[in-house]
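*Asks:* pasting the sequence and the predicted model now:
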Amino acid sequence: MNWIAKELELLADASLGRSLRESSPVADAPGYMMRGERKLLNLSSNDYLGLSQHPAIIEAMREALLSEGAGSGASRLVTGNRMPYSHLEEALAEWQNCEAALVFANGYMANSGVIGALVSRGDIVFSDQLNHASITDGIVLSRAEHARYRHNDMEHLRALLNKHRDRRRKLIVTDAVFSMDGDQAPLRELAALKREFGAMLMVDEAHSGGIYGKRGEGLCHELGLQDEVDIHMGTFSKSFGVYGAYICGSRMLIRWLVNKARPLIYSTALPPSVTAGVLKALALVQEEHWRRERLFAASSSFRCLLEASGFKIGYGDSPIIPLIAGDNETALRFSGALESAGIAAAAIRPPSVPAGTARIRFSLSAAHTDKELTDAAAQIRIIGQQLGVLGS
């Protein structure tokens, strides 16, 4: 096992080492976290709507614990398919205005399981080069050919589709909002290419569900494209503030996944308390529009403050705002300096992002106030100047 020690040394030398650090929420301050004895403004969470500590969700989970017990006890196809699953999947289908829905344990398992159920040897998947790792790994596990197209480059995708137009099955898959860049996929163009070349289209709404759409249905609904999407995926661990993932689509698709999606078949079902909490979160996502309004206002303001300071940040209107630092060591130093100033903001480095684009990934929440974000932007500017990320 000596090779592991040597590889870890190489990671450390390249400022690519990672370690686990404990943190905990602050009960009376949802936009903050505790790390050790220090209270930090949390600008790294995916709790976009500020629901992770909502008392109604906690109470729904508590009641389910008392009535259903702590664990599900088996996979869904054995005895783990408790009543809260049916209620949640019916509500999800109604919310997404589709025929059926299926809940998975998490987004990684949903993406890897669905792709593997839809394509295999002899098929091909067209995937944006900045898609989430769960999509990439799902393609590898499926044994289908992986055709990566340049980020949001529809001409490149068209060329690849034309080259492989005679394949048995063709699947186009994309994030709706890209998790490390915060920009959007060109969904209208993707839908048009899907129709032209007879491909399936799968959209991952992990970072757009709950945020876009009149009831938080996601970017596909915001653009009126929901009927063009064959496989609609989303998660409950971001805007919903809980845990898990879902697939929405036709009844035939869901029947197929129940029979063929290996992560669903061979994994223990989510605890009933989690599905009960998600069901309550789904109601709040649809009802409390002010959370989306607050989130967009905060994101716009924070972007403007960073741009006015001269930082290079990603394009878009999502709550994901990457500040490009460049090299790995600078990103780590930036993150450490921010923590010393009372701000939790993670340094993102390869392989999560391309080499040379290490960054601080800010992700905002409806729980953040204008004053908190204004004060944070001022600290970020000072630290940027100190580290040479900004000119003095």
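*Replies:* Yep, it's here.

*Asks:* ok, which stretches of the stretch 1-150 of the chain are helices?
*Replies:* Under the criterion DSSP state H, counting those that start in this stretch, the stretch 1-150 of the chain contains helices at 2-13, 55-68, 83-96, 107-118, 133-142.

*Asks:* out of these, nearest to residue 202?
*Replies:* Smallest distance to residue 202 across these (Cβ to Cβ): 7.0 Å, for helix 107-118. No exception for glycine: its C-beta is placed from N, CA and C like everyone else's.

*Asks:* can I get the closest one as CSV, trimmed to CA atoms?
*Replies:* Written as CSV, here are the backbone C-alpha positions of helix 107-118 (Å, rounded to 0.1, in the frame of the first residue of the first chain):
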residue,chain,number,x,y,z
GLY,A,107,-28.7,12.4,-7.4
TYR,A,108,-25.6,10.3,-8.0
MET,A,109,-27.6,7.1,-7.9
ALA,A,110,-30.4,8.6,-10.0
ASN,A,111,-28.1,9.7,-12.8
SER,A,112,-25.9,6.6,-12.8
GLY,A,113,-28.9,4.3,-12.6
VAL,A,114,-31.1,6.0,-15.3
ILE,A,115,-28.3,6.3,-17.9
GLY,A,116,-27.3,2.7,-17.4
ALA,A,117,-31.0,1.6,-17.8
LEU,A,118,-31.4,3.5,-21.1
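
*Asks:* any chance of the helices of the stretch 1-150 of the chain in JSON lines, plus mean pLDDT, mean neighbour count and distance to residue 355?
*Replies:* Below are the helices of the stretch 1-150 of the chain laid out as JSON lines (pLDDT from 0 to 100; neighbours: other Cβ atoms under 10 Å; distance: least, Cβ to Cβ, whole Å):
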{"stretch": "helix 2-13", "mean pLDDT": "94", "mean neighbour count": "9", "distance to residue 355": "14"}
{"stretch": "helix 55-68", "mean pLDDT": "96", "mean neighbour count": "15", "distance to residue 355": "40"}
{"stretch": "helix 83-96", "mean pLDDT": "96", "mean neighbour count": "18", "distance to residue 355": "37"}
{"stretch": "helix 107-118", "mean pLDDT": "97", "mean neighbour count": "25", "distance to residue 355": "24"}
{"stretch": "helix 133-142", "mean pLDDT": "97", "mean neighbour count": "20", "distance to residue 355": "16"}
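
*Asks:* including distance to residue 287, could the ones you listed go into TSV?
*Replies:* Below are these laid out as TSV (distance: least, Cβ to Cβ, whole Å):
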stretch	distance to residue 287
helix 2-13	46
helix 55-68	11
helix 83-96	12
helix 107-118	24
helix 133-142	30
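
*Asks:* residue 218 is nearest to which of the ones you listed?
*Replies:* The minimum distance between residue 218 and the helices of the stretch 1-150 of the chain falls on helix 83-96, with 8.1 Å, by Cβ to Cβ.

*Asks:* that closest one: how far from the chain's middle?
*Replies:* Counting by Cα atoms, centre = their mean, to the nearest Å, helix 83-96 is centred 21 Å from the centre of its parent chain.

*Asks:* secondary structure class for residue 389?
*Replies:* Using DSSP: H, G, I helix; E, B strand; the rest coil, the structure places residue 389 in coil.

*Asks:* got a list of what it touches?
*Replies:* Residues counted as contacts of residue 389 (Cβ atoms under 8 Å, 6 or more residues apart in numbering) are 311, 323, 325-326, 330, 334.

*Asks:* quick one: the helices in the stretch 151-300 of the chain?
*Replies:* With helices called from DSSP H, counting those that start in this stretch, the stretch 151-300 of the chain shows them at 154-163, 187-197, 219-222, 251-260, 262-265, 272-287, 289-309.

*Asks:* follow-up on the earlier one: can you say which of the helices of the stretch 1-150 of the chain is nearest to residue 36?
*Replies:* Of all those, helix 2-13 sits nearest to residue 36, with 22.5 Å by Cβ to Cβ.
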